[in-house]
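Participant: missing the sequence, but the structure's below:
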């Protein structure tokens, strides 16, 4: 079974600094998708960034980038120039290929609570 | 606004009662989901529907029954509520797979408290 591991329950970063949130995954699939979501204290789940397993370049979306190291099975989220509004819970997630019998659902890690300090 | 909307936002009820949570998406997506987020923030898939057909039913007690009257709606009915059912329930939807990964779009969640 696939597994997503986020080893940092909590992280602190100074405003305007960059921060890396770790995510490792375990799968025997060759094709898969990796996602990051943000959950602020208000509770909604916000999609941030996606990386396909066959994508050769690391995904970027504004201040978010995904450091994808396939051989190490890691998909770390990098947030540049942190802002106070980045304080939230961040979840890494994975989707298996349809061929595996997956129904396109995402499997989530346990999350990392990021606090940005002024 | 295009979105996934679920109601109610808060639900407080007593043990043994039956309750429903409604979910609607106007994104034109073909797959809808129910997730449960527990007190430790862990998100777990409960159900997945594709074009009104159930395709995932994880190890969820049969007190939980999803119903999809059409592609845009997926409601969750819970019978004989128990204390352990207290959690935040998220509805989500996704489109057919695309180069952008077809991420799940989530509703704002329903916080269920069973007393």
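Facilitator: Arrived safely, thanks for sending. Here the structure is a predicted model, which means the values were calculated and not measured.

Participant: Only C-alpha atoms from now on, for both contacts and neighbour counts.
Facilitator: Will do.

Participant: By proximity to chain B, which residue of chain A wins?
Facilitator: Across chain A, no residue is closer to chain B than residue A:44, which sits at 4.8 Å (CA to the nearest CA).

Participant: Which residue, neighbours along the chain excluded, lies closest to that residue?
Facilitator: Excluding its sequence neighbours, the residue lying closest to residue A:44 (CA to CA, 6 or more residues apart in numbering or on different chains) is residue B:108, at 4.8 Å.

Participant: Helix, strand, or coil at that neighbour?
Facilitator: Counting by DSSP: H, G, I helix; E, B strand; the rest coil, the backbone at residue B:108 sits in coil.

Participant: since we're on it, how many residues are nearby?
Facilitator: By other CA atoms under 10 Å in any protein chain shown, the residues close to residue B:108 number 23.

Participant: That one against residue B:3, yeah?
Facilitator: No - contact criterion CA atoms under 8 Å: residue B:108 and residue B:3 do not qualify, at 9.8 Å.

Participant: Could you check the pLDDT of the residue nearest to residue A:44?
Facilitator: With respect to pLDDT, residue B:108 scores 96.

Participant: show me what contacts residue B:21?
Facilitator: The contact partners of residue B:21, taken as CA atoms under 8 Å, 6 or more residues apart in numbering or on different chains, are B:6, B:7, B:8, B:75, B:76, B:77, B:110.

Participant: Across the sheet, point out what pairs with it.
Facilitator: residue B:76 (DSSP bridges).

Participant: before we move on, the earlier item: just the closest of the contacts of residue B:21 to residue B:26, please.
Facilitator: residue B:6 (11.8 Å; CA to CA).

Participant: In this structure that closest one contacts residue B:92, no?
Facilitator: No - counting by CA under 8 Å, residue B:6 does not reach residue B:92; the two are 9.4 Å apart.

Participant: Between those two, which contacts overlap?
Facilitator: Common neighbours of residue B:6 and residue B:92, using CA under 8 Å, 6+ apart, are residue B:107.

Participant: what about the two, which has more around it?
Facilitator: With neighbours defined as other CA under 10 Å, residue B:6 and residue B:92 compare such that residue B:92 has more, 29 against 23.

Participant: what's the one helix or strand the more buried one maps to packed up against?
Facilitator: In the assignment (DSSP states H and E), residue B:92 maps to strand B:87-94. Counting contacts by 3 or more CA pairs under 8 Å, 6 or more residues apart in numbering or on different chains; DSSP states H and E, strand B:87-94 packs against strand B:4-7, strand B:31-37, strand B:105-106, strand B:110-114.

Participant: Let me know whether the helix or strand following the second one sits next to chain A.
Facilitator: Beyond strand B:31-37 in the direction of the C-terminus, DSSP H and E gives the next helix or strand as strand B:43-50. Yes - interface with chain A: strand B:43-50 contributes B:43, B:44, B:45, B:48 (CA under 8 Å from any CA of the partner chain).

Participant: thinking the second one is in contact with residue B:58, fair?
Facilitator: No - Residue B:44 lies out of contact with residue B:58 (CA under 8 Å); the separation is 9.0 Å.

Participant: neighbour-wise, which of those two wins?
Facilitator: Neighbour totals were compared for residue B:44 and residue B:58, and residue B:44 leads with 19 against 11 (other CA under 10 Å).

Participant: Quick check: beta-bridge partners of the more buried one?
Facilitator: Bridge pairing for residue B:44 - DSSP bridges - gives residue B:36.
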